[in-house]
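Chemist: Provide a 3D model corresponding to the input given below.
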Amino acid sequence: MAEKSSSNHRSQRPPAQASCVLKTPLPRSRRSNGVGNSEIRNPKSEISGSRLLTSTATKKSKAVSRCPHSIPRVALLVESARAYGRGLLQGIAHYVRDHAPWSMDYQERELNDPPPSWLARWQGDGIIARVETPAMAQAIKRLRVPAVDLIYCLPGLDMPSVRTDEPAVIRMVMEYWQQRGFRQVAYCGFDGLYYSELRKKLYQQAAAKAGMTCHLYHAPHRLAHALTRRMEQEGMAQAAHLGRWLRSLPKPIALLACNDVRAQQVLSVCRSEGISVPDEIAVLGIDNDEVLCDLCDPPLSSVLLNARQIGYEAARLLEGMMRHRKPPAKPIYLGPVKIITRRSTDVLAIDDPQVAAILRLIRERACEGLKVEELIRSVPVSRTLLERRFTRHVGRSLKQEILRVQIERAKTLLHETDFSISAVAEQCGFKYVEYFNGLFHERVGQTPRRYRQQRQAGA
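Modeler: Numbering: from 1, shown residues only. Reported below is the predicted structural model:
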């Protein structure tokens, strides 16, 4: 579809939130021209006068010419080189499919790229961006259009934001370590990098609250004002220093890295130093970049963040702002989805063999209707002694651990399958669906049906 550049064009539409159907009509000048599909435009080629790359979802959309102000035009300044950025873009696309079309200006980007050259002359209705630098913030503000930030790393940035609930991420990680019996934890990040420092602080606090010893890695020298890619390159150059720190850690220990790239670097150094993973050091990343995780040796466990839902919610927020609705005064936070366990954390760090055996049995058979009495019969100790030892190592009673495993399995089935609620209850070892519904609401804070609706909205 050939298009000429025009200062009056308003094409692409913004993303919105899954849980809300927009009923307020756009102003007459902004209504759709009848084209049922959004367009994805390469603004660089448009400005230069060359042919424009657009969505080819239907022949009808190619045949209809756009009138000025026909549909909102939105710029997407989000990197596609990483799994998290691609997840954000998928969420935005999902919103656009669910609602009225946008004309979206998008050019492939890397993390930390400067503002694109076409942005200064761009004329549109809204922007969704990962604003990592003052230069990007200034370039967006000069345009005087509604904008939503997806990263919030600049102090004092006056821009509505949708982002990850970092305290929720750390809570999930600490519970994960406790389930595996770890009493000592470590953190390896990039000193001075905004999200790494935040996660380190929260991790320290959570470890202290749980009565755990937390060991922190500090780089031999700190780069001033460096961004993610520069930090990651420097991290690779500091392998010898990192190796000495890893050797000095008490074993076994559970290590959280600030992201999957840093976790991959830790695994590489562990292999070079002859440190066994996960038996001596269990390593967990954040972002769940599946390609990177599978390339690691051993494959890397990682926290799956809710990038798609964040993109979807950012789109809904921008849609409202372009309709002249006032944005929320505070950022919108979304918690992580779950931890994807691979070989790098597939271990139980419990020095009591009987408790470790009981934990394995619970994980294998909790959803088969396993009873506490069966566990008691499986080891040659009294119920009182076993309960005391189990609670000391795990932090929960035998019954509580059985129920926790059942509920976690139910959450997975609700999110990943279309089984009926009664079928989910049966698959998880619950005889009565009413009891399952009540227990799930008590443990999770919402009904199974509501939990499924929220998860599938962001999937």
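
Chemist: Look at the closest residue in space to Cys258 that isn't next to it in sequence and report its pLDDT.
Modeler: Spatially, and ignoring its direct neighbours in sequence, Cys258 is nearest to Gly189 (3.5 Å; CB to CB, 6 or more residues apart in numbering). The C-beta positions use only the backbone N, C-alpha and C, and glycine is treated the same way. On the pLDDT scale, Gly189 is placed at 94.

Chemist: okay, now Gly189: neighbour count?
Modeler: Neighbour count for Gly189, taken as other CB atoms under 10 Å: 25.

Chemist: again, but for the one 10 residues further on
Modeler: Burial measure for Arg199: 24 neighbouring residues, criterion other CB under 10 Å.

Chemist: likewise Leu154?
Modeler: Leu154, neighbours per other CB under 10 Å, totals 16.

Chemist: Surely it and Pro134 touch.
Modeler: Yes. Using CB atoms under 8 Å, Leu154 is in contact with Pro134, at 6.6 Å.

Chemist: Find the centremost residue of the protein, please.
Modeler: Leu305 (1.4 Å; CA atoms, centre = their mean).

Chemist: Tell me the spacing between it and Ile339.
Modeler: Applying CB to CB, to the nearest Å, the value for Leu305 to Ile339 is 11 Å.

Chemist: What does the pLDDT read for Met104?
Modeler: For Met104, the predicted pLDDT is 93.

Chemist: Show me which parts of stretch 292-308 are buried, residue by residue.
Modeler: 292-293, 296, 298-308 (16 or more other CB atoms under 10 Å).

Chemist: Quick check: next helix or strand after the strand or helix carrying Ile310?
Modeler: Under the criterion of DSSP states H and E, Ile310 resides in helix 307-322. Counting by DSSP H and E, the next helix or strand C-terminal to helix 307-322 is strand 332-334.

Chemist: residue boundaries of the strands in this structure?
Modeler: 39-41, 73-77, 103-106, 126-129, 147-149, 162-164, 184-188, 213-216, 253-257, 281-286, 301-304, 332-334, 338-340 (DSSP state E).

Chemist: So for Glu175, which of the ones you listed sits nearest?
Modeler: strand 338-340 (9.3 Å; CB to CB).

Chemist: Neighbouring strands - and their directions - for that closest one?
Modeler: strand 301-304 (antiparallel) (DSSP bridges).

Chemist: right, and Arg383 touches Glu374 too?
Modeler: No. Under the criterion of CB under 8 Å, Arg383 makes no contact with Glu374, lying 11.9 Å away.

Chemist: Can you give me the buried ones in stretch 428-439?
Modeler: For stretch 428-439, by 16+ other CB under 10 Å, it's Cys428, Gly429, Phe430, Val433, Phe436, Asn437, Leu439.

Chemist: what's the distance between the first one and Pro252?
Modeler: Read it as Cys428. Taking CB to CB, one finds Cys428 at 30 Å from Pro252.

Chemist: and if you look at Trp245?
Modeler: From Trp245 to Pro252 the distance is 16 Å (CB to CB).

Chemist: and these two? which has more neighbours close in?
Modeler: Neighbours per residue (other CB under 10 Å) separate Trp245 from Pro252, with Pro252 holding more: 21 against 18.

Chemist: Can you give me the pLDDT of the more buried one?
Modeler: pLDDT, read off for Pro252, is 91.

Chemist: so how far does stretch 388-406 reach from one end to the other?
Modeler: End-to-end span of stretch 388-406 (CA to CA, to the nearest Å): 22 Å.

Chemist: do stretch 411-427 as well
Modeler: 12 Å.

Chemist: Lowest mean pLDDT among the helices and strands of this structure, which one is it?
Modeler: Using mean pLDDT, DSSP states H and E, the weakest-scoring helix or strand in the chain turns out to be helix 59-63, at a mean of 32.

Chemist: Can you list the buried residues in stretch 276-285?
Modeler: Here stretch 276-285 shows Val277, Pro278, Glu280, Ile281, Ala282, Val283, Leu284, Gly285 as buried, counting by 16+ other CB under 10 Å.
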